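# For reference, the sequence and a predicted model appear below.
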Protein chains: 2
Amino acid sequence: MFIAGIDLGGTNIKFGIFSKEGELLKSWKASSKPLLDPKVIPDYIFDELKRYEQWAEIKALGIGVPGLVSVDGIVKESPNFPDWKDVPVKQMLSEKLGIPVIVENDANLFTIGEGSFGNAKHCKNYVGITIGTGVGGGIVIDGNIVHGCKGMAGEIGHIVIHPSGPLCSCGKKGCLEAYSSATAIKKIMFHQTGLELEAEDVAKLALKGDKVALKVFEKVGYHLGIGIATIVNLLDVEVVVIGGGVSKSWDLLQKHIQKGFVEHTFKVHLDTVKIEKSLLGDNAGIFGGFFIATTVFNNSEVS
Amino acid sequence: MFIAGIDLGGTNIKFGIFSKEGELLKSWKASSKPLLDPKVIPDYIFDELKRYEQWAEIKALGIGVPGLVSVDGIVKESPNFPDWKDVPVKQMLSEKLGIPVIVENDANLFTIGEGSFGNAKHCKNYVGITIGTGVGGGIVIDGNIVHGCKGMAGEIGHIVIHPSGPLCSCGKKGCLEAYSSATAIKKIMFHQTGLELEAEDVAKLALKGDKVALKVFEKVGYHLGIGIATIVNLLDVEVVVIGGGVSKSWDLLQKHIQKGFVEHTFKVHLDTVKIEKSLLGDNAGIFGGFFIATTVFNNSEVS
C-alpha cells in the first residue's frame, strides 16, 4: 500500500507518493492553473495520481490547500482560487478515489510536515512560518495543530508589529506580512531605489554585497524576529521553523531575525527556543500530507 | 463534601469554599505577607481553611499562585514572593491537608474561572487577560489551558506593540504591559502632567471629565485592543475576557479597546469575537480553583 501527500499552491500542485513507513518514493509537480475551476478537482487529481504505476494501491490522501478549510474538509475560500467558495474537496476526492482523504490548510500542512519529519521533529509545541508573497503559519500546541473557532488560527502574517506601520495586503497597518514577505522586500527595495525588482533579485544583489539590498533583508529579518518574540512570549513554544520562498535567503536573514528576537523576548527563552530554517523545504507540505493521511487511514482501519 | 479554591496575590490571599456543585458557600481574604517565607505555606493555609466550620469535609483544593508553576505543582519563581524558588507547593499542601491539591498560575486560574462560570462559559477557545500592576493572561485552546514548554505560555503582557516603544518592567521595549497596565497609567499621567497619581485616581479624574486623564485611558485601551487583535489573528479565539484592577475602569476603556481591535483584526472576526469584562471579578480565581480542584478530585476517585 501507498499513501499520497499533495501540496496545492497558486502556481503548482506537488504530488508525493510514500511507503506506509514514510519513505518518499516519487514526487512530481503539475500546473495548478486548471484547478481555478473547482469542478475539475477530482478528475485532475485522479489523472495525476495515475502517473504513479501502482496508483491503485494508494490507500489514503492528505492534501493542503491555500485558504480557509473547515474541519470537515470544505474549502470555504482561497485567495489563490477565487472561484472556490464552499468547495467540498474532501468529499469530492474521497468519492472519486474511493479512499480516506483529509484536507488541511497549506501552512498547517507545512508545519505538520516539519513536525513529523523536519526540524520540529519530536516537538509538542512549535510554530511553522511560511514566507512567500504573503506570510502564513501553523501553530502546534501539545502535539495538535491549532485551528481556532473558525479554522482561521495561525495567521502569523497578521501579528501587529507596529500600530501605524506600512499598509498590509489585508487592508490593515503594520502587520508582519507588510514587513517580512516577498511583497515587502519588493516594496522596500522600490521605496529605497526606485527599482522594480523581484524578491529573488534583491537577494541576489544582497549576496553580491549591495548595501541597500542588505539593508532590506536586515529590516525583513529584524521584524520577523520581533513577530517570533511575540509568538514565543505568548505560547512558550520550543521551535520556530521557517519555510517558503523567502526562507531560501536564510543566510541574509538569520542574524537579523535573532536580533529582533533577542531584543523582545525573555532571557529564559534564549537558551531554549530554536529558530530554524525548514529542513524539508518544498517537500514539507507533501510530508505533512503523508502524516495526516496516515492518521485518517489508521482511524478508518480501526472504525 | 466541599471543595476549596484559593487565589494568592501579592497583597491578599483569597479563600473560597464551594459545594461540589460549584456554589460558593463562603469566601474571605487574609494578608499574603506572611507567605513571603515559603516555609509557612502549609500551616498558614491550613489555619485559614479551619476558619470554615466544616473544614474537615474539604476534599480537594485548587490554588493559583503568581509566577511560574511547573506541571507537577512546583512554583519555580514568583515576582511577588522573591524567596520562593522551586517551592513544591502541591506536595507541601497535599501532605499537610491530606487531600488532592492542584497548583496553577494565577492568571491561568482567572481564565479557567471565567471559562467555567464566567463570561467565557461554554467556550473552547478563549483568552483571559488580567490587568493590574502588570498584565497577565491565560490561553485556552480546544478546552485546555496552554502551558507551553516551560509553563510560561500566556504572557500576554509581553506581546510587542511597538518595537521601539516605552520600556517595560521586563527590560524590553514596547510590550503591551508598558502601554496597558496600572503602571503604564501612572507613568503616562506623570509624563503628561507631572502628577504622581495612582491608576485609581487617574480613573477618578477621567470619570469627572478630566481631558488628560481621559486621554490616558484612550491610549491604554487602544493599545490593549491592538494586542487583542494580534491574539485573535493568531489563535482565532471566540472570547477575550478582561479582569484585574484596571478592568474596573471598563467604561473608560471599552470603546478604545474596540477601536484598536477593529483597526487591526480581520473583518470576519468583528462579527464573532466578543471582548468582555470579567463576570466574576475578584472571585474568578477562586472559581477557577474550584474547577481544577474538582477535576483532580474526580481523577483521584477514579484511580
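It's in.

# From here on, just use CA atoms for contacts and neighbour counts.
Noted.

# Show me what the mean pLDDT comes to for the strand or helix carrying A:Lys186.
A:Lys186 is part of helix A:182-193 when elements are defined by DSSP states H and E. Averaging pLDDT along helix A:182-193 gives 97.

# Report the contact partners of A:Gly115.
Each residue near A:Gly115 by CA atoms under 8 Å, 6 or more residues apart in numbering or on different chains is listed here: A:Lys121, A:His122, A:Cys123, A:Tyr126.

# Which members of those occur in strands, if any?
Members of the contacts of A:Gly115 lying in strands (criterion: DSSP state E): A:Tyr126.

# Turn the contacts of A:Gly115 into JSON lines, including pLDDT and neighbour count.
Formatted as JSON lines, these follow (pLDDT from 0 to 100; neighbours: other CA atoms under 10 Å in any protein chain shown):
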{"residue": "A:Lys121", "pLDDT": "95", "neighbour count": "14"}
{"residue": "A:His122", "pLDDT": "91", "neighbour count": "13"}
{"residue": "A:Cys123", "pLDDT": "96", "neighbour count": "19"}
{"residue": "A:Tyr126", "pLDDT": "98", "neighbour count": "33"}
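
# List just the nearest of the contacts of A:Gly115 to A:Ala284.
A:Lys121 (12.0 Å; CA to CA).

# how about the closest one, phi and psi?
phi -60, psi 140 (degrees, to the nearest 10).

# helix, strand or coil for the residue nearest to it when sequence neighbours are not counted?
Spatial nearest neighbour of A:Lys121, chain neighbours left out: A:Gly115 (4.5 Å); criterion: CA to CA, 6 or more residues apart in numbering or on different chains. At A:Gly115 the chain is in helix, as set by DSSP: H, G, I helix; E, B strand; the rest coil.

# any idea how far A:Lys204 is from A:Gly115?
31 Å (CA to CA, to the nearest Å).

# ditto for A:Asn105
31 Å.

# can you tell me which residues contact A:Gly154?
A:Asn108, A:Gly136, A:Gly137, A:Gly138, A:Ile139, A:Val146, A:His147, B:Asn233, B:Leu234, B:Leu235, B:Asp236.

# Get me the contact residues on the stretch 201-303 of chain A for chain B.
A:226-227, A:229-238, A:263-266 (CA under 8 Å from any CA of the partner chain).

# quick one on the thing from earlier: okay, A:Asn105 and A:Lys204: which has more neighbours?
Taking neighbours as other CA atoms under 10 Å in any protein chain shown, A:Asn105 and A:Lys204 compare with A:Asn105 leading, 29 against 15.

# isn't the more buried one right up against A:Gly62?
No: A:Asn105 is beyond contact range of A:Gly62, at 10.7 Å (criterion: CA atoms under 8 Å).

# which of the residues in the helix holding A:Lys186 are buried?
Buried positions in helix A:182-193, judged by neighbour count with 16 or more other CA atoms under 10 Å in any protein chain shown: A:Ala182, A:Thr183, A:Ala184, A:Ile185, A:Lys186, A:Lys187, A:Ile188, A:Met189.

# what phi and what psi does the backbone show at A:Ala199?
Given degrees, to the nearest 10, the pair of backbone angles that A:Ala199 has is phi -60, psi -40.

# residues in contact with it?
A:Ala199 makes contacts with A:Ala182, A:Thr183, A:Ile185, A:Lys186, A:Val246, as judged by CA under 8 Å, 6+ apart.

# residue ranges for the strands of chain A, please.
Using DSSP E, strands in chain A cover A:2-8, A:12-19, A:24-31, A:58-65, A:68-69, A:75-77, A:85-87, A:101-105, A:126-131, A:135-141, A:144-145, A:239-243, A:274-277.

# Could you check how far A:Ala182 is from A:Ala203?
Taking CA to CA, one finds A:Ala182 at 10 Å from A:Ala203.

# Please name the residues that touch A:Gly143.
A:Cys123, A:Lys124, A:Asn125.

# tell me which of those residues is nearest to chain B?
A:Asn125 (6.6 Å; CA to the nearest CA).

# and for stretch A:125-137, what are the contacting residues?
Contacts of stretch A:125-137 (CA under 8 Å, 6+ apart): A:107-108, A:110-111, A:114-115, A:120, A:138-143, A:154-157, A:176-177, A:180-183, A:236-247, B:148-149.

# how about the residues of the stretch 51-200 of chain A near chain B?
A:125, A:141-142, A:146-156, A:158-163, A:170, A:172-173.

# what sits against A:Gly62?
A:4-6, A:101-104, A:286, A:288-293.

# number of nearby residues for the closest residue to it other than its chain neighbours?
The shortest distance from A:Gly62 to any non-neighbouring residue, by CA to CA, 6+ apart, is to A:Gly289 (4.1 Å). Other residues within reach of A:Gly289, judged by other CA under 10 Å, total 36.

# Was I right to think A:Gly289 contacts A:Ala60?
No: under the criterion of CA under 8 Å, A:Gly289 is not in contact with A:Ala60, lying 9.7 Å apart.

# anything in contact with each of these two?
Shared contacts of A:Gly289 and A:Ala60 (CA under 8 Å, 6+ apart): A:Ala4.
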